[in-house]
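take this sequence and fold it.
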Amino acid sequence: MPSCTAYGCTNRDERGQRREKGLTFHRFPNCDKERLRRWVVNIRRVNWTPTARSHLCSAHFTEDCFDRTGQTVRLRPSATPTIFAFPEHLQKSAPTARKPPMTRQPTEDKGKIPPPSCSHPDSPVQPNTKHSGSHQEHTYATIESPRKLKRKLDATVEQLQKCRKKLKIEQQKSRRLKHHQASLPHAWKQRNVLNDY
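Numbers count the residues shown, from 1 in each chain. Take a look at the predicted model:
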C-alpha cells in the first residue's frame, strides 16, 4: 500500500481515500534522469533519493499534467509536481517586481570638465576624443572595433613592459653608483695609509 512521499502529505493508497478524494498515485520517473532530478528538487528533501516504491499522489500535480483519455489516469511525459504545502521557511519567496530603469536626461556640455587624460604624450595610443551622438555622454564609450581595441591594448602592454625594463636598468645603475660612491672614501683611506709607509 503506497503512501505519498511529499512533505506533510498523509495520503495513502487506500480504497476509501482514492474514491473520496479522487486520488491517483504515481511512481518517480527513474528512467528519465532529467525529469527525475526536477521531481526530487521540487520535493525539497535533503539527501534523499527515491526508490522503486516511492510514489507521489495526484494532489501535487496541476490538472494539465494528467492524461485522462483512457481508463487509467496517467501523467504526461512532461509532468512535474509543483503543488506542495511546505512550511514558511521552505517556501520560495515570490519574485518581487523590478523597477523599470530610469531614463537619462541629456545634459548640456556647457560647464563640463573634460576627463583627465592618463596617457603619456609620446605614447602611440591616444584616447579617443572624437565622439558622436549618444557617445558624448559617456567618456568610456567607444565606436572602434574589438580588434582595433585589442591591438591598442597589446601596444600599451608592450610599451609598459619596455618602460619597466628601463626603470629596472636605471635602478640597477643607481645602486651600483651608490655602492661605488660608498666604497670610494674607504679606498682612498687605504691608499693614503699605504703611501705613508
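
could you give me the average pLDDT of stretch 104-113?
The predicted model gives stretch 104-113 an average pLDDT of 60.

likewise for stretch 166-181?
Rounded mean pLDDT across stretch 166-181 is 91.

that stretch: which residues count as buried?
Residues of stretch 166-181 classed as buried by neighbour count (16 or more other Cβ atoms under 10 Å): none. Yep, even glycine has a C-beta here, placed from its N, CA and C like the rest.

how many other residues sit next to residue 43?
19 (other Cβ atoms under 10 Å).

mind listing what it touches?
Residues in contact with residue 43, defined by Cβ atoms under 8 Å, 6 or more residues apart in numbering, are 5-7, 56, 81, 84.

helices along the chain, start to end?
15-21, 33-43, 146-196 (DSSP state H).

out of those, deepest packed?
Most buried of these by mean neighbour count (mean count of other Cβ atoms under 10 Å) is helix 33-43; its value is a mean of 14.

map the structural domains onto the sequence of the chain.
Listed domain ranges for the chain are 15-88, 144-196 (source: automatic domain parsing).

mind putting these into TSV with distance to residue 99?
Formatted as TSV, these follow (distance: least, Cβ to Cβ, whole Å):
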stretch	distance to residue 99
domain 15-88	26
domain 144-196	32
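
those domains: which one's closest to residue 104?
Go through those one by one with Cβ to Cβ and the one that ends up closest to residue 104 is domain 144-196, at 23.1 Å.
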